[in-house]
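Engineer: Have a look; sequence and predicted model below, questions after that.
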Amino acid sequence: MHFYDEQRVMLGITFHAGDKIRLTVPKTTNSTWYVIDLMDSEQVAPPAWAPKNSVSVLAFGADPFGKKDSANAFDAAITWAKAHGKTVYIPVGIFQVNRHIVVDNVTITGAGSWWTIIRGTEVALSAQAPDGSWHTGVGFYGKYSTDGGSSNVHLSNFAIEGDVTGRIDNDQVNGIGGALNNSTVDGLYIAHTKCGLWMDGPITNFKVTNTIVADVIADGVNFDRAVTNSSVTNSFIRNTGDDAMAMWSFNATAGNPAADEDSGNVFDHNTVQTPTLANGIAVYGGRDNTISNNVVADPIREGSGLHAGQRFTSTPFAGYLKFTNNTTVRAGTLDLNWNIGLGAIWFYALEGSLSADIEISGDNFLDNTYNAIMLVADWPVKDLYTITNVHFTDVKVDGTGTSVVSGRVGGSASFQNVVARNVGAVPVNNCGTFHFTAAGSEFSLTDLGGNGSWLASWMLPNTITCDDRPPVVAPPAPSAW
């Protein structure tokens, strides 16, 4: 599924605007061809010195050359630092760690994610662990919520690199995990773990900033059950094997969904590229959450740029869900299970109706492979569940392979100041619940003005315009409005 595995290389020289960089194939290579997909560059700051009032892991026997496992030395440094009110410092080096480092009430910082690298090998366990794992590996974990959780943990300025190559859902082989309350993650680089950060709630006030997740087997970030007042901001996530970013309100407490809601959370100013399966940013149930100012590009299959789904045993959506000022690029992929094109933003009623206040405002859907917007119920439940109370305001759609809106569900949505151009098929593909009644489609679109002809010309509110699989017309590249 992974299109590439990126290489992180320090060039050792500062290049300037206009300089040319040449990439060459070694004469000794056994490959007949290479594709260079892209190259990112950044100016790497010098290594950060140990902060005042800190203790180095080297003082407890950690090996900066990665020859021996330093996990016990890390534990000893953390225990001593907690007892003496100090920060743990991990200096320049490559440190081998092949299991979880359990953290609580401690600050750990490195010299920078390019300089301080914590690298580990996945290890098979002789018996299944209490958390369900068959393997362990490098990762920093709070105590699980069933054990009281952890609090006041601050992790910054280092890299976590695993070697996970296969997905076993029970395995806790993630870069960051467990329950971290009133805690922060800042300036980390996480690669080759199962998930980058999988946070098992209940958790409150957990903040992730300035962090990179690349080349992981499953999710980049997942807020799993009862994560509240938490956020991921200014971070970069690429080449995940499942949702790049997700809020999942897994309803584990029978009869009491409020106990399991993700609520008051924000994903803001993040960049997501090429999730190879599933969505760029997904929300499954929950209350009063916001997805804002993110860029999501090139989801590969069975997913969209932005997604809200009543699925995966999630709590019902409640309060509000806001998608504000996000931009998707080349989203709205072909779903190979259904053999239909999705939307760059996709609402899905699978296990229940969506009726909370859902607001999409100021978003840009660019160069959409199929639809810009899709609202759908799964076929077996299309007469049971609806999608209502969805409001699109001040949205721009520039280029669709098929439609602006595809409705495959009963319910309604409103549109105000939604403009679209370079539309490849019928602008509104309204199938409703496929009963094709004399009264029109079971899905209605309310025109609140300012939308232009793409909407008004289709005899709203619920004219049937169903073309199940319209031909795709590749749109031109987006341009300034």
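Structural biologist: Received it, and whenever you're ready, just let me know what you need.
Engineer: need the helices for the stretch 51-200 of the chain, in chain order.
Structural biologist: In the stretch 51-200 of the chain, helices defined by DSSP state H, counting those that start in this stretch lie at 71-84, listed in chain order.
Engineer: nope, the stretch 251-400 of the chain is what I meant
Structural biologist: Across the stretch 251-400 of the chain, reading from the start of the chain, there are no helices by DSSP H, counting those that start in this stretch.
Engineer: pLDDT score assigned to the closest residue to residue 434 other than its chain neighbours?
Structural biologist: Leaving aside its chain neighbours, residue 434 sits nearest to residue 382 (6.9 Å; criterion: CB to CB, 6 or more residues apart in numbering). Backbone N, C-alpha and C define where each C-beta goes, glycine included. Here, the pLDDT recorded for residue 382 equals 97.
Engineer: cool, residue 106 as well?
Structural biologist: Residue 106 is assigned 98 on the pLDDT scale.
Engineer: again with residue 430
Structural biologist: pLDDT recorded at residue 430 is 96.
Engineer: what residues are up against residue 137?
Structural biologist: Counting by CB atoms under 8 Å, 6 or more residues apart in numbering, residue 137 makes contact with 98, 99, 120, 121, 122, 123, 162, 163, 164, 173, 193.
Engineer: how distant is the worst-scoring helix or strand of the chain on mean pLDDT from the center of its chain?
Structural biologist: Comparing every helix and strand of the chain by mean pLDDT, DSSP states H and E singles out helix 453-456 as the least confident one, with a mean of 89. Averaged C-alpha coordinates place helix 453-456 at 33 Å from its chain's average position (CA atoms, centre = their mean, to the nearest Å).
Engineer: Going by neighbour count, which residues in it are buried?
Structural biologist: For helix 453-456, the buried set under the neighbour-count rule, 16 or more other CB atoms under 10 Å, comprises 454, 455.
Engineer: counting contacts, what elements does it pack onto?
Structural biologist: Using 3 or more CB pairs under 8 Å, 6 or more residues apart in numbering; DSSP states H and E as the contact test, the elements touching helix 453-456 are strand 410-423, strand 443-447.
Engineer: Distance of residue 198 relative to residue 267?
Structural biologist: Between residue 198 and residue 267 the distance, using CB to CB, to the nearest Å, works out to 15 Å.
Engineer: Make CSV out of the helices and strands packed on helix 453-456 and add mean pLDDT.
Structural biologist: Rendered in CSV, the data for the helices and strands packed on helix 453-456 read as follows (pLDDT from 0 to 100):
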stretch, mean pLDDT
strand 410-423, 98
strand 443-447, 96
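Engineer: Give the closest residue to residue 36 in space, chain neighbours not counted.
Structural biologist: With sequence-adjacent residues excluded and distances taken as CB to CB, 6+ apart, residue 36 is closest to residue 23, at 6.0 Å.
Engineer: Run a quick neighbour tally on that neighbour.
Structural biologist: The criterion is other CB atoms under 10 Å. On that basis, residue 23 has 7 neighbouring residues.
Engineer: Quickly note the distance from it to residue 11.
Structural biologist: The gap separating residue 23 from residue 11 is 12 Å, by CB to CB.
Engineer: these two touch, right, residue 156 and residue 186?
Structural biologist: Yes - under the contact definition of CB atoms under 8 Å, residue 156 touches residue 186, with a separation of 4.3 Å.
Engineer: neighbour-wise, which of these two wins?
Structural biologist: Legend: neighbour count by other CB under 10 Å for residue 156 and residue 186, higher for residue 156 (20 against 16).
Engineer: The more buried one pairs with what?
Structural biologist: residue 109, residue 186 (DSSP bridges).
Engineer: again, but for residue 323
Structural biologist: For residue 323, the beta-bridge partners are residue 291, residue 360 (DSSP bridges).
Engineer: I'd like to know how many residues surround residue 286.
Structural biologist: By other CB under 10 Å, neighbour count at residue 286 equals 30.
Engineer: Please apply the same query to residue 103.
Structural biologist: Per other CB under 10 Å, the neighbour tally for residue 103 reads 26.
Engineer: where does the stretch 51-200 of the chain have low pLDDT?
Structural biologist: Counting by pLDDT under 70, the stretch 51-200 of the chain contains no low-confidence segment.
Engineer: whoops, I mixed them up, the stretch 301-450 of the chain
Structural biologist: Counting by pLDDT under 70, not a single residue of the stretch 301-450 of the chain qualifies.
Engineer: Walk me through the domains of the chain.
Structural biologist: If the domains of the chain are taken from automatic domain parsing, they occupy 1-218, 243-481, with pieces of a single domain joined by a plus sign.
Engineer: Let me have those domains in TSV, adding distance to residue 227 as columns.
Structural biologist: Formatted as TSV, those follow (distance: least, CB to CB, whole Å):
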stretch	distance to residue 227
domain 1-218	4
domain 243-481	5
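Engineer: distance between stretch 7-20 and the chain's centre?
Structural biologist: Average the C-alpha atoms of stretch 7-20, do the same for its chain, and the two points are 29 Å apart (CA atoms, centre = their mean).
Engineer: Using CSV, write out every CA atom in that stretch.
Structural biologist: Included here for stretch 7-20 are C-alpha records, laid out as CSV according to Å, rounded to 0.1, in the frame of the first residue of the first chain:
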residue,chain,number,x,y,z
GLN,A,7,14.6,8.9,3.6
ARG,A,8,15.6,11.5,6.2
VAL,A,9,19.1,12.7,5.4
MET,A,10,21.2,15.4,6.8
LEU,A,11,23.1,17.0,3.8
GLY,A,12,25.7,18.7,5.9
ILE,A,13,25.7,22.0,4.0
THR,A,14,23.4,25.0,3.7
PHE,A,15,22.0,25.6,0.3
HIS,A,16,20.7,28.9,-0.9
ALA,A,17,17.9,30.0,-3.2
GLY,A,18,18.8,29.2,-6.8
ASP,A,19,21.3,26.5,-5.9
LYS,A,20,20.9,23.3,-7.9
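Engineer: follow-up on the earlier one: in strands, which of the contacts of residue 137 appear?
Structural biologist: Judged by DSSP state E, the subset of the contacts of residue 137 located in strands is residue 123.
Engineer: quick revisit: got any residues that touch both of residue 156 and residue 186?
Structural biologist: Between them, residue 156 and residue 186 share no neighbouring residue, with contact defined by CB under 8 Å, 6+ apart.
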